[in-house]
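> Sequence first, predicted coordinates after that:
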Amino acid sequence: MCKLKVYKNSLLVGLLLIFAPFVSAEVMASESKHEFSSVQIESMLAKADSYRLGEAFAKVVTNIQVYKKGQLDSEDYYHVYTRPERKSLVVFKGAGQEGQKMLMLQDNYWLLMPRSRRPIRITPMQRLLGGASIGDVATLTWSQDYRGQFVASEFLQDKLAHKLQLQAKTKGASYQKITLWLDAESHFPVRAELYLKSGKLAKVAHFVPGLRDQMLFVEEMVLVDSIEAATETRVRYESSTAHQLPEKFYNPAYLSRQSKMDL
């Protein structure tokens with residue numbers, strides 16, 4: 001009787017070992033099929049945005065470095081003033097760029113040169129430096145500019161992440177489609193594939209975590225160009241402070257008259 005019991009236990013263990021991979025795969029598959037409501041997805045995206053954007057009204061000192069084959073090739077600084085309703089003012093701080101400004105009002109973008117009184121209409125895909133475009137630096141608000149859809153839960157960088165497919169709400173968005181991975185627990189952004197209107201992959205973004213005032217935030221966004229794979233652009237958010245500019249600064253006619261501004 002004892003031998004029969006041992007035999008049955010051994011048989012049970014053997015069966016568990018044989019079918020364990022299939023059981024775990026089934027569990028992962030069922031987990032990946034988990035659906036989230038639109039409200040839950042909006043909450044995830046808003047949380048992900050908070051790691052990058054911070055305050056609703058803010059001044060973000062941004063440093064962009066371009067590396068080619070692992071070597072620093074160029075570098076510039078920008079002061080970015082953000083506010084709700086997709087409004088941003090970018091003040092160029094690099095050598096030889098004094099007085100240059102870029103204004104974004106929802107889907108409209110203007111470049112303002114110090115010796116020109118006429119604002120120049122531009123697109124969000126116009127490049128600033130390396131692989132970083134105007135839209136990358138001015139604003140990229142996932143929760144406001146995109147509709148998200150859950151795709152699957154999968155492991156990325158040894159952590160479980162939620163894979164979301166984002167579709168732009170407006171034609172003026174920097175990218176019409178984004179595949180975004182968020183940490184399943186904290187909803188911190190991990191990776192994003194950024195697609196052009198044509199459907200072509202433009203670049204892949206990786207998000208580097210950091211701590212500011214003991215709070216988790218995106219310290220750096222690393223952009224890898226899909227064409228120039230040897231070129232890497234690092235967008236570093238050196239500081240972010242609450243700062244509210246008067247409404248007049250978000251008027252292209254007013255800005256065109258201000259050749260010098262201490263911002």
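Cool, the structure landed.

> Can you find the helix or strand in the protein with the smallest mean pLDDT?
In the chain, the helix or strand scored least confidently by mean pLDDT, DSSP states H and E is helix 2-32, which has a mean of 38.

> so where's this structure uncertain?
Scanning the chain with the threshold set as pLDDT under 70 gives 1-34, 139-140, 259-260.

> Would you map the helices across the stretch 1-150 of the chain?
2-32, 38-53, 134-138, 142-145 (DSSP state H, counting those that start in this stretch).

> Go ahead and produce CSV holding the CA coordinates of stretch 168-181.
The C-alpha coordinates for stretch 168-181 follow below in CSV (Å, rounded to 0.1, in the frame of the first residue of the first chain):
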residue,chain,number,x,y,z
ALA,A,168,-3.6,60.2,-32.7
LYS,A,169,-6.8,62.2,-32.1
THR,A,170,-5.7,65.0,-34.5
LYS,A,171,-3.8,65.2,-37.8
GLY,A,172,-1.4,67.7,-36.2
ALA,A,173,0.1,65.2,-33.7
SER,A,174,3.8,64.5,-34.1
TYR,A,175,3.2,60.8,-34.7
GLN,A,176,0.0,59.3,-36.0
LYS,A,177,0.6,56.0,-34.3
ILE,A,178,2.7,55.0,-31.2
THR,A,179,3.3,51.5,-29.7
LEU,A,180,4.0,52.2,-26.0
TRP,A,181,5.1,49.9,-23.2
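
> Tell me which residues are up against it.
For stretch 168-181, the surrounding residues in contact (C-beta atoms under 8 Å, 6 or more residues apart in numbering) are 48, 106-108, 124-125, 133-136, 140, 142, 145-148, 151, 156, 161-167, 189-197, 199, 202. Just so you know, the C-beta spots here come from the backbone N, C-alpha and C atoms, and that holds for glycine as well.

> Helix, strand, or coil at residue 255?
helix (DSSP: H, G, I helix; E, B strand; the rest coil).

> For it, give me its contacts.
Residues in contact with residue 255 (C-beta under 8 Å, 6+ apart) are 89, 101, 103, 110, 112, 119, 249.
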